[in-house]
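1. here is a sequence together with a model predicted from it:
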Amino acid sequence: MRLGTVISVAGPLVIAKDMNTAKIYDMVTVSDKHLIGEIIEMRGDKASIQVYEETSMLGPGEPVYGEGEPLSVELGPGLMESMFDGIQRPLDIMMKKSGDFINRGIQVTSLNRSAKWNFEPCLKPGDSVSHGDIIGTVQENSIVQHKIMIPKGIEGTIKSILQGEYTIEETVAIVEKKDGTEVSVCMLQKWPVRRGRPFHKKKMPERPLVSGQRVIDTFFPVAKGGTACVPGPFGSGKTVVQHQIAKWADVDIVVYVGCGERGNEMTDVLNEFPELIDPKTGQSLMKRTVLIANTSNMPVAAREASIYTGIAIAEYYRDMGYSVALMADSSSRWAEALREMSGRLEEMPGEEGYPAYLGSRLAEFYERAGEVVCLGKDKRIGTLTVMAAVSPPGGDLSEPVTQATLRIVKVFWGLDSSLAYARHFPAINWLTSYSLYSSNIMSWLDKNVDVNYSTCQREALALLQEESRLNDIVRLVGYDSLSHEDQLKLEIAKSLREDFLQQNAFVDEDSYTPLKKQFKMLSTILKFYVLSKQALQNGIYLKDILDLPVRDKLGRIKEIPENNLEKYEELQEIMAQEIKELIQERGSRG
Ligand code: ADP
Ligand code: MG
């Protein structure tokens, strides 16, 4: 339907007049090339339209069309293994149609209309249904079972339900409403991206999302359904952290939003992810992944939309009762897109030119994370964990995007350029990072991994903090001024840093550490501390303790395979033995 006429074009912002019938956040298409856009402001009959494609050939006088619908995502079988741009256009089909550079106004549907999916009903005629009830399943690929749910606004009893191969637009069930009218249900649903999908109730997240990254799981854990941010300067390891979590986290589904980072970085993701083998299934990681790629060479406005496209898809899988992880790299690029559009709208700028609503937009986004009881009679539980990188210019954490993010998220993994420079990876600073889920998750770890988990964690963290205090003293008055007790603390802290915290993402044996092994590593290092302290009390020289042969073995503690955890017990016995011998030797010398 024709709505109005373009009067001006400034980059991605198009102003149109005679738009009385349109509303804010309606989706429109501009000119006869049908460039996709969204109304982001209405003033009288003038609409400001954020256009998601290159606008350079556009001019005044061109028509604007629209159906009065908000910008929405398509939800249904076929999402898994897909790569989309910021407004959910499939990248592979667009590339085929237009080559590497995406042409304007390409008309493609997000999900394949001709593919057939085997629908297996789980309800029968006469069953009552309402929003969120699962009526059947589709094996989306060898790993993901897709649940077909009753969409919003439908309530009644099943009149008929089919079984067999259907496209996403074909009817698979007919529901008779209370008033006697009938509605057909197909496997395709739409959802407006900017609105969170509803759920029954939100719970306090308290189970860990296990990433296999030791500094994260043991020291600064994130809960399934929680929120985390990874701020850090260029090259400090934000992308590697997010990739590691995407690869290893114990979740069912991963949605990865590459938001405006350098083009070649996203190409890496597009090439690398399909090759990655999912450790849980032995199959391609892509089978349970959706990629949204908006690189910096794509129009800025599509970046702004991409995190919403991603989170709406993530919520849809959460609603099936799955645990979902959403990664966004980087939220700063998203905020810059917001700033650019705000500037073009000539809004009153806030701090550093960001709009005053930056904080509330970020909060609305992160609030869509959570552990929820889903809609539907079976009261299934789904979780959506949201983790985003932040790239503060120059690594300065006082800038508005980082500050606004820190006020919202519950976990802060602060990456440090000096650690990255010293090649301590992951360069997560253990003195400044925090997790507000820590106390809940530590109780979980005590119950489910080892009763001493939280005690060891606290002790290790205290030693690392003590190290920083002692180092200040060393800088002032020198190492030799420290007592042997304190010098031992420095040695153990060094071992915690090098043998526990440092974890190489690119070495197979080190890339992932299960919780049991994390605990064994930590407790073994701390055991050495306890034994060494006893030795010092028995008059043994620190140097003799540090020269013990077992120290070599301790330095290679990462290499002990996870299926051989008794090796840690053995190591602890060797430690005890060698220290006992030291003490006996000294005793016999008198
Ligand atoms: P950013 O996204 O913050 O700019 P990257 O994630 O691209 O930084 O990391 C930069 C480089 O740091 C990587 O290419 C890699 O060489 C190194 N690096 C980061 N994290 C790790 C890690 N866990 N193990 C090994 N190397 C790492
Ligand atoms: Mg990066």
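-> Good, I have the coordinates. Ligands and ions are numbered 1, 2, ... in the order given.

2. can you tell me the element the residue lying closest to G359 once chain neighbours are set aside falls in?
-> Distance criterion C-beta to C-beta, 6 or more residues apart in numbering; nearest residue to G359, sequence neighbours excluded, is A404 at 4.2 Å. Quick note: C-beta positions are derived from backbone N, CA and C, even for glycine. For A404, the element it lies in under DSSP states H and E is helix 400-406.

3. show residues contacting that helix.
-> Outside helix 400-406, the residues within contact range by C-beta atoms under 8 Å, 6 or more residues apart in numbering are 229, 231, 331-332, 335, 350-352, 354, 358-359, 362, 366, 388, 390, 392, 397, 412.

4. repeat that for 7 Å
-> Among residues not part of helix 400-406, those counted as contacts by C-beta atoms under 7 Å, 6 or more residues apart in numbering are 229, 231, 331-332, 335, 351-352, 354, 358-359, 362, 390, 392, 412.

5. give me the subset of these touching ligand 2.
-> Restricting those to those within reach of ligand 2 (C-beta under 5 Å from the ion) leaves nothing.

6. and those residues, which are buried?
-> With burial judged by 16 or more other C-beta atoms under 10 Å, the buried subset of the contacts of helix 400-406 is C229, P231, S331, S332, A335, Y354, L358, G359, L362, V390, P392, F412.

7. model confidence score at the second one, please.
-> It refers to P231. As predicted, P231 sits at a pLDDT of 97.

8. got the contact list for it?
-> P231 touches V390, P392, L397, T402, G414, L415, counting by C-beta under 7 Å, 6+ apart.

9. quick one: which of those residues is nearest to P90?
-> V390 (28.7 Å; C-beta to C-beta).

10. skipping adjacent residues, who's closest to that closest one in space?
-> In this structure, V390 finds its nearest non-sequential neighbour in P231, 3.9 Å apart by C-beta to C-beta, 6+ apart.

11. quick one: that neighbour from ligand 1, how far?
-> 9 Å (C-beta to the nearest ligand atom, to the nearest Å).

12. now swap in K377 and tell me
-> Using C-beta to the nearest ligand atom, K377 is found at 44 Å from ligand 1.

13. quick revisit: farthest-separated two in the buried ones among the contacts of helix 400-406?
-> Y354 and F412 (20.0 Å).

14. give me the low-pLDDT residue ranges for the stretch 51-200 of the chain?
-> 95-106 (pLDDT under 70).

15. any weak-confidence spans in the chain?
-> The chain contains residues with pLDDT under 70 at 95-106, 260-266, 295-297, 590.

16. how is it divided into domains?
-> Listed by automatic domain parsing, the domain ranges of the chain are 2-70, 75-97+199-436, 112-187, 453-589.

17. what residues does the stretch 101-250 of the chain have near ligand 2?
-> Residues of the stretch 101-250 of the chain lying near ligand 2 (C-beta under 5 Å from the ion): K238, T239.

18. neighbours of the closest residue to ligand 2 within the stretch 101-250 of the chain, how many?
-> Taking C-beta to the ion as the measure, the stretch 101-250 of the chain has T239 as its residue closest to ligand 2, at 3.2 Å. When neighbours are counted by other C-beta atoms under 10 Å, T239 registers 22.

19. now it. Its backbone dihedrals?
-> phi -70, psi -40 (degrees, to the nearest 10).

20. my guess is it contacts D329. True?
-> Yes - contact status for T239 versus D329: in contact at 5.7 Å, counting by C-beta atoms under 7 Å.

21. tell me how far L270 lies from ligand 1.
-> 16 Å.

22. cool, and R303?
-> From R303 to ligand 1 the distance is 17 Å (C-beta to the nearest ligand atom).

23. now the element after the one helix or strand that residue maps to, going C-ward?
-> Using DSSP H and E, R303 sits in helix 300-319. Following helix 300-319 in sequence order, the next helix or strand is strand 323-329 (DSSP H and E).

24. what are the buried residues along the very next helix or strand once past that next one?
-> As assigned by DSSP H and E, the chain's next helix or strand after strand 323-329 is helix 331-344. Buried residues in helix 331-344, counted by 16+ other C-beta under 10 Å: 331-342, 344.

25. just stretch 559-576 next, same as before
-> I560, K567, Y568, L571, Q572, M575, A576.

26. for the closest residue to ligand 2 within the stretch 1-150 of the chain, which residues are in contact?
-> Closest residue of the stretch 1-150 of the chain to ligand 2, C-beta to the ion: G86 (17.7 Å). Applying C-beta under 7 Å, 6+ apart to G86 gives the contacts Y52, I292, N294, A302, R303, A305, S306, T309.

27. state whether it is indeed within a helix.
-> No - G86 is assigned coil when assessed by DSSP: H, G, I helix; E, B strand; the rest coil, not a helix.

28. look up how far ligand 1 lies from it.
-> Counting by C-beta to the nearest ligand atom, the gap from G86 to ligand 1 is 20 Å.

29. which SSE is L79 in?
-> Applying DSSP H and E, one finds L79 in no helix or strand.

30. doesn't V290 make contact with it?
-> Yes - checked against C-beta under 7 Å, the pair L79 and V290 is within contact range at 5.6 Å.

31. return every residue with contacts to both of the two.
-> Common neighbours of L79 and V290 (C-beta under 7 Å, 6+ apart) are I313.

32. circling back to that earlier point, of the contacts of G86, which is the most crowded?
-> Counting by other C-beta under 10 Å, top hit in the contacts of G86: N294 with 31 neighbours.
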